[in-house]
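S.K.: What follows is a protein structure lacking sequence information:
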């Protein structure tokens, strides 16, 4: 019954809420560093709001998942131009870039001074510059989490910069921004969102606050993802998936995740594959192997009953058992064309390296049970 | 489906979590202004943690509900002693005092410069000094709200200082601190907490985020308040009521309240009566008159069905109707010895003045329907 809940100071949700930006920026200054992706949505309306707000801005485009060089370059621009605050407008990569940049604009030095494992791991001394995060995909929930995932390409790993200072000051979640997201991105980001309400519900750190978000997000995410994928202009489905994505962010930031993300991080560092696709490929097998492991060892009825809840919620069938839940997840992944691990360019000979790296990942520590190497391998085999 | 959600950056909940103070204060400085009440709980353990944390502190005792003089005196102490941050340790009055004081320690001038209606109403320019709120009653939820209620005694009114900067940086909700709360305070603060999960659920500003907190808090609050009142050492009941109080704060800060609080504010300004007792005396009648008004005018089925939800949740009976809900609330108030308005020193000749003041209160604007003067009078009559 203990928990520690951290979130953005202010979350604004709903269709058209991007226009509230005008009123929000007033207290943050006149000169802003805008970080955005190269992709859709069309930013014309966004920039017209910036204009109406009499903002002066410098634009920085993020082309891929953030790496050390991208972030240092953006920080250089923000420092040179004396930007007073930061806006991130884009998918998870953009939002994460903005977090790291806003932090470094108020702290001396460069990114490597603050990264663990690959850098000096210094703690951030000062609060970040004010940061307004505006996600344009419904997936990562990064607008309300305390970490930024950064690729260290030469080492083929992804590392997290993690600090409560990284929380955006304001998160604006406007589902209209996701209307133009293409089918494959809707599929992978949506599966990421769904995973992020599922894993915290059974995580080792689950708690009554996070349960509220998961109990809301699991049935909604599983009902609406297929609809959003089939018809991107289905505004109700897009709204629901934006809500699930936000709930996932709130949940994961406060209860950690599990083996799906424990694997997905290292795999993402080793291969150029969409994060959500990896999650989706792994989700049913992790579900299956976790329940088997929990049943085989120890007194785990409370957590197993949570898997039963999930099976009922996702299938929408009060009598569904856990196996039916696993089948339902496999089926959903098939319907929205989620590739299997074998189709993502991963070879079986990569398994030992993946397992070795995954065992020590932060998310793996949230998994409800410590899995053996054999069990980890079984997950990869079943997802192949 | 739109909402705007604001809360403390960090909420820590659970038995014994007060000991986390040691780790938390590290990033806020060495010299702290401690604001506390004169009452229980015994602060020996609290001060031993402060000692272990190598804090240097100045203590300021709050004897009653905060008024302008109290707050200005506390600010003077904090400024003179160069306190780097503020801790509030006590009931709602203490927590609210801390909010106003932390704000003024980082903004020039005195309280009246920033109060609306009775003062100059200047906006706060700067963020507050860091503020850690530690409630010792389960009632107001003030540790996660953006306002501080301040009595202006010469005018017999209470005014709210309201600003997102007033949100505490950290809220530590440790149910153990409420074990020693006496029966009458458990009753009045508990009814306040219950009201604060009920009113936002039917407020004009209800939204899907706040619904999560209300749906959780209403059944729990109505099941456990009587238990906590009967046996103050019932740790499960105390924990549940601390949780409901927190949920109430999260709900009211993000969806406003309604006529119960619309009346309770002005009545509290005019008479020296416990806020929670006034809420409890009014709650069943407001429930009854609101539903009657909603049924008599307009197309209000959605909101009426929310009253049906409440009736089911509080009675624990899936078939309960709204009248049974009203009766259940009356019955609970009787069981825990909540006085009627007539027993609180209020005269019927005060009704016109109460109605006049209540009509313009901020909480009244959250009420699901605009009530006529006659309806407002009926509420007072029924609660008398």
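M.R.: Done, it's in. Bear in mind that the values here come from a model prediction, so they are computed numbers and not experimental data. Numbers count the residues shown, from 1 in each chain, chains lettered A, B, ... in the order given.
S.K.: interface residues of the stretch 201-350 of chain A facing chain B?
M.R.: Within reach of chain B by CB under 8 Å from any CB of the partner chain, the stretch 201-350 of chain A has these residues: A:208-209, A:212-213, A:216, A:239, A:243. All C-beta spots, glycine's among them, are computed from the backbone N, C-alpha and C.
S.K.: same thing but at 6 Å, please
M.R.: Within the stretch 201-350 of chain A, the positions near chain B by CB under 6 Å from any CB of the partner chain are A:212, A:216.
S.K.: Spit out the contact partners of the residue of the stretch 201-350 of chain A at minimum distance from chain B.
M.R.: Residue nearest to chain B within the stretch 201-350 of chain A: residue A:212 (4.6 Å; CB to the nearest CB). Taking CB atoms under 6 Å, 6 or more residues apart in numbering or on different chains, we find residue A:212 in contact with B:212, B:216.
S.K.: and it, what element?
M.R.: Using DSSP states H and E, residue A:212 falls within helix A:208-230.
S.K.: which stretches of chain A have low pLDDT?
M.R.: A:1, A:39-40 (pLDDT under 70).
S.K.: helix/strand/coil for the residue nearest in space to the middle of it?
M.R.: Centroid check for chain A by CA atoms, centre = their mean gives residue A:140 as the closest residue, at 2.6 Å. Put simply, residue A:140 is coil when judged by DSSP: H, G, I helix; E, B strand; the rest coil.
S.K.: Tell me the spacing between the closest residue in space to it that isn't next to it in sequence and residue A:246.
M.R.: The shortest distance from residue A:140 to any non-neighbouring residue, by CB to CB, 6 or more residues apart in numbering or on different chains, is to residue A:92 (3.4 Å). The gap separating residue A:92 from residue A:246 is 13 Å, by CB to CB, to the nearest Å.
S.K.: again, but for residue A:86
M.R.: 20 Å.
S.K.: Can you pick out the residue with more neighbours from those two?
M.R.: Taking other CB atoms under 10 Å in any protein chain shown, residue A:86 and residue A:246 do not tie; residue A:86 has more neighbours (28 against 25).
S.K.: Kindly spell out which helices and strands sit in contact with the helix or strand containing the more buried one.
M.R.: Using DSSP H and E, residue A:86 maps to strand A:85-90. Helices and strands touching strand A:85-90, by 3 or more CB pairs under 6 Å, 6 or more residues apart in numbering or on different chains; DSSP states H and E, are strand A:31-37, helix A:92-105, strand A:131-135.
S.K.: Each with direction, which strands does it pair with?
M.R.: Partner strands for strand A:85-90, per DSSP bridges, with pairing direction: strand A:31-37 (parallel), strand A:131-135 (parallel).
S.K.: Give me the contact list for that strand.
M.R.: Contacts for strand A:85-90 (CB under 6 Å, 6+ apart): A:28-29, A:32-37, A:46, A:94-95, A:98, A:101-102, A:129-134, A:136.
S.K.: count of residues packed around residue A:120?
M.R.: So residue A:120, with other CB under 10 Å, has 11 neighbours.
S.K.: Chain B versus the closest residue to it other than its chain neighbours, what's the distance?
M.R.: Nearest residue to residue A:120 in three dimensions, chain neighbours excluded: residue A:113, at 5.0 Å (CB to CB, 6+ apart). Applying CB to the nearest CB, to the nearest Å, the value for residue A:113 to chain B is 18 Å.
S.K.: Was I right to think residue A:113 contacts residue A:124?
M.R.: No - in this structure, residue A:113 is not within contact of residue A:124 by CB atoms under 6 Å, at 9.7 Å.
S.K.: count of neighbours near residue A:38?
M.R.: Count around residue A:38 with other CB under 10 Å applied: 10.
S.K.: quick one: contacts for residue A:9?
M.R.: Counted by CB under 6 Å, 6+ apart, residue A:9 has contacts residue A:169.
S.K.: Domains in chain A, by residue range?
M.R.: Using automatic domain parsing, the domain ranges for chain A come out as A:10-178, A:183-382.
S.K.: thinking in terms of the whole chain, how far from its middle is stretch A:126-143?
M.R.: 11 Å (CA atoms, centre = their mean, to the nearest Å).
S.K.: And that stretch, what's buried?
M.R.: A:128-143 (16 or more other CB atoms under 10 Å in any protein chain shown).
S.K.: Of these, which is the nearest to chain B?
M.R.: Comparing the buried residues of stretch A:126-143 against chain B with CB to the nearest CB places residue A:130 closest, at 10.3 Å.
S.K.: Spatially nearest residue to that closest one (excluding sequence neighbours)?
M.R.: Leaving aside its chain neighbours, residue A:130 sits nearest to residue A:85 (4.1 Å; criterion: CB to CB, 6+ apart).
S.K.: for the next helix or strand after the helix holding residue A:212, packing partners?
M.R.: Downstream of helix A:208-230, the next assigned helix or strand under DSSP H and E is helix A:235-255. Judged by 3+ CB pairs under 6 Å, 6+ apart, helix A:235-255 is in contact with helix A:183-202, helix A:208-230.
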